[in-house]
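Asker: need a 3D model of the sequence below.
(one chain, ligands or ions: 1)
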Amino acid sequence: MSAPRPLGPDPGARRLARPDREDPFAPFLDLVAAHLRARAKREGARIADEIDGVTAARPRRSARSRAPATAFLDSALALSAPATADLVGAVASLRGQLDWMRPDASETGWEVAGRVAWAEIVGPRAPVPSDRFRLGLHLQAPRTHYPSHLHAADELYLTLAGEAWWARGGTWSGTPDKAGSLRLHAPCEPHATETRPKPMLALYAWWGPGASPGLEAYRTL
Ligand SMILES: [Fe+2]
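Answerer: Sure thing, here's the model as predicted:
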């Protein structure tokens with residue numbers, strides 16, 4: 001496999017002709033880029049530049065959910081707060097387009113696999129193709145402990161609705177991340193997350209060499 005190109009606008013990419021109302025993901029991705037530029041100056045600008053460079057979504061069949069945790073999507077969307085209300089509204093309008101997956105039960109155990117769901121929107125196998133970065137949604141049911149894990153990619157989380165506590169290297173946050181909270185994980189930095197009474201809906205992004213297929217080095221600890 002050739003080495004991934006460095007981050008930054010891809011001169012060969014066609015800038016998505018936004019607003020392209022034929023592409024249901026375009027309005028959502030424009031909003032994501034604006035939030036990341038405003039909230040995460042350096043990392044956010046890099047990811048926003050990548051978003052600007054993606055092509056339109058592939059033509060595709062209707063979406064399918066393979067994740068029981070999507071039963072909690074409505075209750076998470078209902079926890080919308082002003083900081084991210086526009087993004088949450090965009091997720092609600094996309095819900096018929098999202099392919100929700102559950103974690104690999106051999107990594108997390110069956111209980112967690114039934115209470116966490118993720119939907120990749122940009123990535124190697126996502127509706128919007130990219131071999132340079134991944135971006136999607138993470139949904140976690142209430143009272144769920146997602147175990148400590150690590151991976152080779154740089155990672156960003158932006159909480160969209162609900163709340164969750166996070167651990168970095170075994171040290172838990174004293175207060176939960178809420179709508180608008182931003183979190184960065186360095187490559188191979190162990191991290192975990194736990195919901196209590198409320199579900200959590202968050203945006204995630206992966207970038208760097210570890211975001212490339214086959215180089216993820218994902219490991220549950
Ligand atoms: Fe992670």
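
Asker: so what's the residue count around the closest residue to Ala56 other than its chain neighbours?
Answerer: In space, and not counting its chain neighbours, Ala56 is closest to Asp23: 4.5 Å by Cβ to Cβ, 6 or more residues apart in numbering. For the C-beta atoms, the positions are set from N, CA and C on the backbone; glycine is no exception. With neighbours defined by other Cβ atoms under 10 Å, the count for Asp23 comes to 19.

Asker: next: Ala117.
Answerer: Using other Cβ under 10 Å, Ala117 has 26 neighbouring residues.

Asker: what helix or strand does it sit in?
Answerer: strand 116-123 (DSSP states H and E).

Asker: what's that strand in contact with?
Answerer: 25, 28-29, 51, 54, 65, 67-70, 73, 98-103, 108, 126-130, 133-141, 144, 146, 204, 206, 211 (Cβ atoms under 8 Å, 6 or more residues apart in numbering).

Asker: the residues you listed in strands, which ones?
Answerer: Among the contacts of strand 116-123, the members found in strands (DSSP state E) are 128-129, 133-140, 146, 204, 206.

Asker: for the protein, where's the lowest mean pLDDT among helices and strands?
Answerer: Least confident element among the helices and strands of the chain, by mean pLDDT, DSSP states H and E: helix 105-108 (a mean of 87).

Asker: packing partners for the helix or strand that it is followed by?
Answerer: Following helix 105-108 in sequence order, the next helix or strand is helix 110-113 (DSSP H and E). Packing contacts for helix 110-113, counted by 3 or more Cβ pairs under 8 Å, 6 or more residues apart in numbering; DSSP states H and E, involve strand 145-150.

Asker: tell me the helices and strands packed up against the next helix or strand after the strand it packs on.
Answerer: Downstream of strand 145-150, the next assigned helix or strand under DSSP H and E is strand 154-162. Packing partners of strand 154-162 (3+ Cβ pairs under 8 Å, 6+ apart): helix 26-39, helix 41-53, helix 73-77, helix 85-94, strand 182-185, strand 200-207.

Asker: follow-up on the earlier one: which one of the ones in strands among the contacts of strand 116-123 is nearest to Leu94?
Answerer: Leu137 (8.9 Å; Cβ to Cβ).

Asker: return the set of residues that bridge with that closest one.
Answerer: Ala119, Leu203 (DSSP bridges).

Asker: how far away is Ala153 from Asp104?
Answerer: Taking Cβ to Cβ, to the nearest Å as the criterion, Ala153 is separated from Asp104 by 16 Å.

Asker: where does this structure dip in pLDDT?
Answerer: Applying pLDDT under 70 to the chain flags the ranges 1-21.

Asker: so Ser148 touches Glu194, yeah?
Answerer: No - using Cβ atoms under 8 Å, Ser148 is not in contact with Glu194, being 10.5 Å away.
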